[in-house]
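after the sequence you'll find the predicted model.
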Amino acid sequence: INPPLVVTAQSEVSVTLMVDVSSWFLNGGALIDPSLALQGGVFENQVKNNIEASFEAFHDDNHDGHGDDD
């Protein structure tokens, strides 16, 4: 989340976190064999990058699944 979200014991924040797991084991449109994404595997970095890119989080006080700035 940019800027970083800070939550304290005195605050309440509504956040929606969406994760698209369908992209984790894709290289372009081709499926990646998960065994090739293990530590040291040829697709290790590709899968790590896909996982990082699959997360989306936003402030969502009205709980509509869209960012409040929309």
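In hand now; what should we look at?

count of residues packed around residue 52?
8 (other Cβ atoms under 10 Å). In this view, the C-beta of every residue, glycine as well, is placed from N, C-alpha and C.

how near is it to residue 15?
18 Å (Cβ to Cβ, to the nearest Å).

now the helices: where do they sit in the chain?
Taking DSSP state H as the test, the helices found in the chain are 44-53.

low-confidence stretches in it?
1-2, 70 (pLDDT under 70).

what's next to stretch 37-54, contact-wise?
19-21, 23-27, 32-36 (Cβ atoms under 8 Å, 6 or more residues apart in numbering).

for the closest residue in space to residue 68 that isn't next to it in sequence, give its distance to residue 19.
Spatially, and ignoring its direct neighbours in sequence, residue 68 is nearest to residue 59 (5.0 Å; Cβ to Cβ, 6 or more residues apart in numbering). According to Cβ to Cβ, residue 59 stands 17 Å off from residue 19.

and residue 14, what is it in contact with?
59, 60, 61, 63.

quick one: which of those sit in strands?
Among the contacts of residue 14, the residues falling in strands (DSSP state E) are residue 59.

top of the contacts of residue 14 by neighbour count?
Most surrounded of the contacts of residue 14: other Cβ under 10 Å gives residue 60, at 17 neighbours.

who are the contact partners of the nearest residue to residue 34 once chain neighbours are set aside?
The shortest distance from residue 34 to any non-neighbouring residue, by Cβ to Cβ, 6+ apart, is to residue 25 (6.0 Å). Contacts here follow Cβ under 8 Å, 6+ apart; on that basis residue 25 touches 31, 32, 34, 37, 47, 50.

whichever of these end up buried, select them in PyMOL.
To isolate the buried members of the contacts of residue 25 in PyMOL, using 16 or more other Cβ atoms under 10 Å:
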select buried, resi 32+37+47+50
